[in-house]
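Model the structure of this input:
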Amino acid sequence: MKFLLAVCFYIGQPILWVGVIRAYLIHTNRIRRERHIFSSAIYEDFYEGRHFLRSGLILGIGTSIIFSCLLNLSVQWLILYEGLSLLTLVFIPWQFFGVTLVGITGILSLISPRIDQLQGVESWLAKLGLSAQAVNPVNYLAILTLTILLTGLFVRENAGRFDSPAISRNKRHNKVAVYPFNELTIMPFLILLPGDWFKLNLPGIPLFQVNGHSFVILVMPLLIGLKLTVKKSNPREFFRNLGKLMVVVAGIGVLMVIGAIFDREIILPAMIGLLLIYYLVILVVRHRDRKQSFEYSEVMDGIRVIGIQPGTPAAKMNLSVGDVILTVNDLQVTNEDQFYRALSTSPTYCRFKVRDRHDQLKMTESAIFKNSPHEIGVKTYSQAIE
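Below is the predicted model:
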């Protein structure tokens, strides 16, 4: 029963439901963008919601089983974090700051006792039952490290799996495709909070005593997400590499946590440094992406593939975004009319000669829907509307 009450606390959180709404809005905005570009969506399914639910539950349950008995955070930290997260989700619709929010909350929790002007606030909170019972400040660094790890795992698992393009312009004012990733999840994370606030205000919440101190078990909502656009790299490879680097950053955080156990004076600079390393990694991979010579741009000698609709003949062929279709059924194609006329020469079968992003040639072939060449499933610039 007590565990169910802790879960109900999570389900009743505004952050969770605002996060669900945000995930749905991300989905509808993507569908609107795809339909504007191609007159039909590439991915009709709500995969953002699937990732929201699946990743949130898997990461949340797994993390809670491993770390719930190791981390305890103050009620002040929880209130500050949830307030900042809710403001971010509601008023900053174009970005997610999951790692930054945890970092800022931890830094503020560390420095607030040192600010004389906040002592009156601490006294007021104590009257409400938000006790200043000592919470090991290493926990703030540990949860920042954990959030970076979870973000890396979330990105590595989900980002770049669905190549939904947006149309941009390069320096020569030619049309180029870019591939944004824009997803989040609100994961349930089991934590321990010290203090008597819940006993005074929410007596139904499960409490227990350890060495004379009161603790409460709660399932809190932890925001995980990222918005980042790939311009020249293979999206899947880009995000898998980024996720791997985030895991490495989390490894650095673990070393910082171990050091902070022996010297608490390094906690604050370690948190600031870890945030800087995290965003430096993002800046480095973005810089590498933009320095590549390849672009998902229009070409003169064929048709650039910038999207592949699932469940179509194109999805069964050995095609990737960025490939250039040179010939169709042994006929050279350079525009949409030539492409579909060449497809019509064989009503049930097609054969492509393709140049990939590394300038390697390949042949690919597949059966197609009978007498339906327009349902091949290849999305190209010829179909794009600005």
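
Hmm, Arg22 and Glu183 touching each other?
No: the pair Glu183 / Arg22 is not scored as a contact, 9.9 Å apart, by C-beta atoms under 8 Å. Using the backbone N, CA and C atoms, a C-beta is placed for each residue, glycine as well.

Those two: which has the busier surroundings?
A count of neighbours by other C-beta atoms under 10 Å puts Glu183 above the other of Glu183 and Arg22, at 26 against 23.

and the more buried one, that's in a strand?
Yes: the assignment for Glu183 is a strand, going by DSSP: H, G, I helix; E, B strand; the rest coil.

Next up, phi/psi of the residue in the chain sticking out farthest from the centre, please.
Distance from the C-alpha centroid of the chain, by C-alpha atoms, centre = their mean, peaks at Thr345 (43.8 Å). Torsion angles at Thr345 (phi, psi; degrees, to the nearest 10) stand at phi -70, psi -20.

How much space separates the closest residue to it other than its chain neighbours from Asp356?
Of all residues not flanking Thr345 in the chain, Asn329 sits nearest, at 5.1 Å (C-beta to C-beta, 6 or more residues apart in numbering). Distance, Asn329 to Asp356, using C-beta to C-beta, to the nearest Å: 20 Å.

Please enumerate the strands of the stretch 101-250 of the chain.
Applying DSSP state E, counting those that start in this stretch to the stretch 101-250 of the chain gives strands spanning 166-169, 175-194, 207-210, 213-230.

What pairs with the first one, parallel or antiparallel?
Spelled out, that is strand 166-169. Paired neighbours of strand 166-169 in the sheet (DSSP bridges): strand 175-194 (antiparallel).

Enumerate the positions of the host helix or strand of Leu86 that are buried.
Assigned by DSSP states H and E, Leu86 belongs to helix 75-91. Across helix 75-91, burial judged by 16 or more other C-beta atoms under 10 Å covers 75-78, 80-82, 84-86, 88-89.

surely Ile325 meets Val333?
Yes: with contact defined as C-beta under 8 Å, Ile325 reaches Val333; the gap is 6.3 Å.

and for these two, which residues touch both?
By C-beta atoms under 8 Å, 6 or more residues apart in numbering, Ile325 and Val333 have these common neighbours: 302-303, 339.

quick one: which of those has the most company?
Ile303 (25 neighbours).

close enough to count as contact, Val102 and Thr145?
No: if you go by C-beta under 8 Å, Val102 and Thr145 don't touch, sitting 9.4 Å apart.

more neighbours, the two?
Val102 (28 against 25).

Skip the chain neighbours and tell me the closest residue to that one.
Using C-beta to C-beta, 6+ apart, the closest residue to Val102 is Thr147 (4.5 Å).

same check, this time on Gln292
With C-beta to C-beta, 6+ apart as the criterion, Gln292 has its nearest non-adjacent residue at 4.1 Å, and that residue is Lys232.

just Ile306 next, same as before
Nearest to Ile306 is Ala177, by C-beta to C-beta, 6+ apart, at 4.0 Å.

again, but for Gly311
In this structure, Gly311 finds its nearest non-sequential neighbour in Gly377, 7.6 Å apart by C-beta to C-beta, 6+ apart.

This protein - how does it break down into domains?
Structural domains assigned to the chain are 2-291, 303-383, following automatic domain parsing.

follow-up on the earlier one: who are the contact partners of the residue nearest to Val102?
Here Thr147 is in contact with 98-99, 102, 222, 224 (C-beta under 8 Å, 6+ apart).

Flag the shaky bits of the stretch 1-150 of the chain, pLDDT-wise.
Scanning the stretch 1-150 of the chain for pLDDT under 70 picks out the ranges 1-9, 69, 93-96, 113-134.

Recalculate using a threshold of 50.
Across the stretch 1-150 of the chain, the ranges flagged by pLDDT under 50 are 1, 114-118, 121, 124-125, 128-130, 132.

Show me the helices in it, by range?
Residue ranges of the helices in the stretch 1-150 of the chain, as given by DSSP state H, counting those that start in this stretch, are 2-11, 14-38, 47-67, 75-91, 98-111, 119-127, 138-158.

so which of those helices gets nearest Leu193?
helix 75-91 (5.3 Å; C-beta to C-beta).

Next up, phi/psi of Gly12, please.
Per-residue torsions, Gly12: phi -80, psi 0 (degrees, to the nearest 10).

Check the helices of the stretch 1-150 of the chain for me and report the most buried one.
A comparison of those by mean neighbour count, using mean count of other C-beta atoms under 10 Å, puts helix 138-158 on top with a mean of 23.

Kindly export it (C-alpha atoms) in CSV.
This file holds the C-alpha atoms of helix 138-158, laid out as CSV (Å, rounded to 0.1, in the frame of the first residue of the first chain):
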residue,chain,number,x,y,z
VAL,A,138,27.6,14.3,-2.8
ASN,A,139,24.1,13.2,-3.7
TYR,A,140,23.7,16.4,-5.8
LEU,A,141,26.8,15.5,-7.8
ALA,A,142,25.7,11.9,-8.0
ILE,A,143,22.2,12.7,-9.5
LEU,A,144,23.8,15.0,-12.0
THR,A,145,26.1,12.2,-13.1
LEU,A,146,23.2,9.8,-13.2
THR,A,147,21.1,12.2,-15.4
ILE,A,148,23.9,12.6,-17.9
LEU,A,149,24.2,8.8,-18.0
LEU,A,150,20.4,8.4,-18.6
THR,A,151,20.4,11.1,-21.3
GLY,A,152,23.2,9.3,-23.1
LEU,A,153,21.3,6.0,-22.9
PHE,A,154,18.1,7.7,-24.1
VAL,A,155,19.8,9.4,-27.0
ARG,A,156,21.8,6.2,-28.0
GLU,A,157,18.6,4.1,-28.0
ASN,A,158,16.1,6.4,-29.7
